[in-house]
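Peer 1: sequence-free structure coming up:
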């Protein structure tokens with residue numbers, strides 16, 4: 001069925017998600033700019049947990065505000081949806097989202113489009129192979145566009161300010177994160193990125209930036225924008241103001257590059273190099289000492305070449321990092 005909210009709603013009882021893998025939600029849930037407050041789900045042993053458990057092909061959630069959420073599940077956990085093969089747009093989330101793996105502030109697993117969404121609060125992945133992202137836990141064949149997060153994102157291994165892990169040609173475009181990102185693995189492979197933890201299989205990250213601290217407490221592969229890129233592309237992205245730290249493969253922009261392409265990317269943090277380890281691939285990263293003017297020109301040139309409808313503009317004061325605007 002199609003749903004349109006007529007007013008704000010406050011929930012007072014524990015919520016049962018709408019739809020599952022055998023009976024997905026395929027209608028349109030239109031929040032109509034109204035808010036649902038107090039969404040509470042406690043299903044630590046359950047997969048596909050959220051307001052909507054499973055959005056099927058053709059299903060959509062749009063123009064919805066979720067406030068004071070407290071959602072926990074096992075796998076594929078998000079405030080708006082646990083799993084989505086449809087579209088999610090114009091949604092905002094505030095509160096706490098927690099799961100073992102595939103955990104996102106908006107959606108745990110996305111195989112569709114996620115556009116113009118925002119998250120504040122905390123997103124936590126608790127499993128050793130957890131993928132935790134401020135907006136999306138795992139993006140597969142997905143377009144994540146014009147989203148931003150101020151959430152603190154914490155997980156064991158795959159952790160990103162916007163997406164925990166992006167794969168199979170997913171595109172993350174015109175997104176930014178300002179919250180802290182932390183991978184807490186005891187040793188070995190972590191993937192912590194200000195925007196995305198790890199990208200593989202021709203995924204792209206374009207016109208994205210992060211300003212929060214990025215930390216792999218005892219692990220490696222920490223980057224201001226992306227923790228690790230394998231056969232993927234990063235274009236016109238930057239990290240500024242926050243710190244980036246890890247045990248090895250630590251870079252102001254990218255922690256580890258393997259057969260990937262990095263073009264017109266910048267950093268302004270305490271790292272001495274833009275890419276921690278450049279195994280194979282092209283790498284174009286530049287440190288910004290004070291003025292962002294030259295960086296803005298180069299990033300915008302790269303976006304124009306790719307016909308991306310976004311441009312960087314100077315924030316108030318020439319020493320401040322740029323922000324994104326749609327191209328005129």
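Peer 2: Okay, I see it. Quick caveat: nothing in here was measured; it's all calculated off a predicted structure.

Peer 1: buried residues, stretch 316-326. List them.
Peer 2: Using 16 or more other C-beta atoms under 10 Å as the test for burial, stretch 316-326 gives 321, 322, 324. Every C-beta, even on glycine, is put in place using the N, C-alpha and C of the backbone.

Peer 1: report the central residue of the chain.
Peer 2: residue 162 (1.3 Å; C-alpha atoms, centre = their mean).

Peer 1: give the contact list for it.
Peer 2: 133-136, 144, 147-149, 172, 175-177, 195-196, 208 (C-beta atoms under 8 Å, 6 or more residues apart in numbering).

Peer 1: where does this protein dip in pLDDT?
Peer 2: Applying pLDDT under 70 to the chain picks out residues 317-318, 328.

Peer 1: quick one, helices of it?
Peer 2: 293-305 (DSSP state H).

Peer 1: now, the buried residues of stretch 316-326 that are in strands?
Peer 2: Among the buried residues of stretch 316-326, the members falling in strands are residue 324 (criterion: DSSP state E).

Peer 1: looking at the buried residues of stretch 316-326, which is nearest residue 33?
Peer 2: Here the nearest of the buried residues of stretch 316-326 to residue 33, counting by C-beta to C-beta, is residue 324; it sits at 23.1 Å.

Peer 1: quick one: residues contacting residue 288.
Peer 2: For residue 288, the contact set (C-beta under 8 Å, 6+ apart) comprises 238, 240, 266, 267, 268, 295.

Peer 1: how about those in CSV, adding distance to residue 220 and neighbour count?
Peer 2: CSV is the format used below for the contacts of residue 288 (distance: C-beta to C-beta, whole Å; neighbours: other C-beta atoms under 10 Å):
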residue, distance to residue 220, neighbour count
238, 22, 32
240, 22, 20
266, 22, 29
267, 18, 28
268, 22, 22
295, 27, 23
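
Peer 1: in strands, which of these appear?
Peer 2: Per DSSP E, the subset of those in strands is 238, 240, 266, 267, 268.

Peer 1: quick check: closest non-adjacent residue to the fourth one.
Peer 2: Sequence neighbours aside, residue 252 is the residue nearest to residue 267 in space, at 2.9 Å (criterion: C-beta to C-beta, 6 or more residues apart in numbering).

Peer 1: residue 262 is in contact with the one you found, correct?
Peer 2: No. Counting by C-beta atoms under 8 Å, residue 252 does not reach residue 262; the two are 11.4 Å apart.

Peer 1: of those two, who's got more company?
Peer 2: Ranked by neighbour count (other C-beta atoms under 10 Å), residue 252 and residue 262 place residue 252 first, with 30 against 26.

Peer 1: tell me who's in contact with that one.
Peer 2: Residues near residue 252 by C-beta under 8 Å, 6+ apart: 223, 224, 239, 244, 267, 268, 269, 271, 273, 274, 285, 287.

Peer 1: tabulate those (CSV), appending distance to residue 39.
Peer 2: Below are the contacts of residue 252 laid out as CSV (distance: C-beta to C-beta, whole Å):
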residue, distance to residue 39
223, 33
224, 32
239, 32
244, 33
267, 37
268, 38
269, 36
271, 39
273, 43
274, 40
285, 41
287, 43
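
Peer 1: list buried residues within the residues you listed.
Peer 2: Counted by 16+ other C-beta under 10 Å, the contacts of residue 252 give 223, 224, 239, 244, 267, 268, 269, 271, 273, 274, 285 as buried.

Peer 1: okay, the residues you listed in CSV with distance to residue 12 next?
Peer 2: CSV is the format used below for these (distance: C-beta to C-beta, whole Å):
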residue, distance to residue 12
223, 43
224, 42
239, 42
244, 43
267, 47
268, 47
269, 45
271, 48
273, 53
274, 50
285, 51
